[in-house]
Each structure stands twice: as structure tokens, then as C-alpha cells.
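Predicted model, plus sequence, below.
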Amino acid sequence: MATKSSGIVLASALCFLSLLGFAYCADNLSVDGLVYCDNCRIQFMTRISEPLQGATVKLECRDREGGTVTLSSETDTDEQGRYQIPVEGDHEEEVCEVLLVKSPRDDCSEVSTDSHAKLSARISLTNNNGIAGPHRIPNPLGFLKTEPDAKCAEVLKELGLTPEGDLA
């Protein structure tokens, strides 16, 4: 009888401890993105886009109501143009986005000022949104090359676009 009682106590303790760990788990997420050189100045990646090593990006979260910055973190891209920004805590009630800060290349450092251009990539930093796993992947961000690459006309034709980015 004592063995049965101690087994129940042990099983109950294990269940309690597992729930305790779940209750105190941290909301650790990771923003994993890509920065590229937009060789054709069309604001999306093509087969001739180049990853930018050493580009600086900033993750910034702001309060929805007052716009107060609640999180700000900068990092540089690796040799494949990729970056990873660790994030602690839940930012469900905030607007979070990744912004381009600095390009390592003088010939590919322009950020578009067109009214329709996306200057940043918004990202949801909460576990309460149906996204499984800790990794959040924003849209790739690109710096514009000063002059379009000579191969751009061919690339755009393959995509069914004109050099201006319109449908052919």
C-alpha cells in the first residue's frame, strides 16, 4: 500500500512540476531575415539579387497607442545577407518592424522613397497568433543599386515585366 501511495505522490509531483515549468516559460522568439542588393531597382528579389554582408538592420517595436518605442535592437548581416535578432517577452500589443539602417556598399545603399515602397518589414512578435515555433521571418529588405544591372532587361522579360516594372 505504501508503494502505491508513494507512486501516486511521485506522479502528482511530476505533473505539478511540468505545469510549473510551462507557467514560467519565457516568450523567447527570433527574428530571422535577409537583406539584399536590388540590382534592378524594382523592390523585390530576382535571380540576380545579391545578399548584402555587413548591412545593418534595426528591429523596433512601438506601443500602438502612443507610439513609444518599447524595443530597439540593431544587428549586422552575415556573409549570406542573413540576420538573426533574439527577442525576449511578448509584444502582442505593439507594432514591430525591421528597418534598413546602413548598407556596406556605396553602389547599393539607396532606400526607396516612393510612396508605395515598403521601407520596413512588419513582424508579429507574440506566441498568441497561431504561428508555431519561435522563428519569425519578415519579408526580405533590399537596398537599391545606384544604376540597374545590364542583365535586368532580360530578367524582367523572364518575369513578364517591362524595365519600369509594369506587366508586359
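That came through, no problem. Numbers count the residues shown, from 1 in each chain.

Which helix or strand contains the residue lying closest to Val69 once chain neighbours are set aside?
Residue nearest to Val69 in three dimensions, not counting chain neighbours: Arg62, with 5.6 Å by C-beta to C-beta, 6 or more residues apart in numbering. In this view, the C-beta of every residue, glycine as well, is placed from N, C-alpha and C. Assessed by DSSP states H and E, Arg62 sits inside strand 56-63.

Can you check which strand is longest in this protein?
In the chain, assigned by DSSP state E, the strand with the most residues is strand 28-38.

Which neighbouring elements make contact with that strand?
strand 50-51, strand 56-63, strand 82-88, strand 94-102, strand 135-136, strand 141-144 (3 or more C-beta pairs under 8 Å, 6 or more residues apart in numbering; DSSP states H and E).

ok, the first one: who's next to it in the sheet?
This means strand 50-51. strand 28-38 (antiparallel) (DSSP bridges).

mean confidence score for the partner strand?
In this model, strand 28-38 has an average pLDDT of 96.

Any chance you could list what contacts that strand?
The contact list for strand 28-38 (C-beta atoms under 8 Å, 6 or more residues apart in numbering) reads 44-45, 49-52, 55, 57, 59, 77, 80-88, 98, 100, 103, 105, 108, 121, 123, 125, 127, 134-145.

what are the pairing partners of the strand holding Arg62, and which direction each?
Going by DSSP bridges, the partners of strand 56-63 are strand 69-76 (antiparallel), strand 94-102 (antiparallel).
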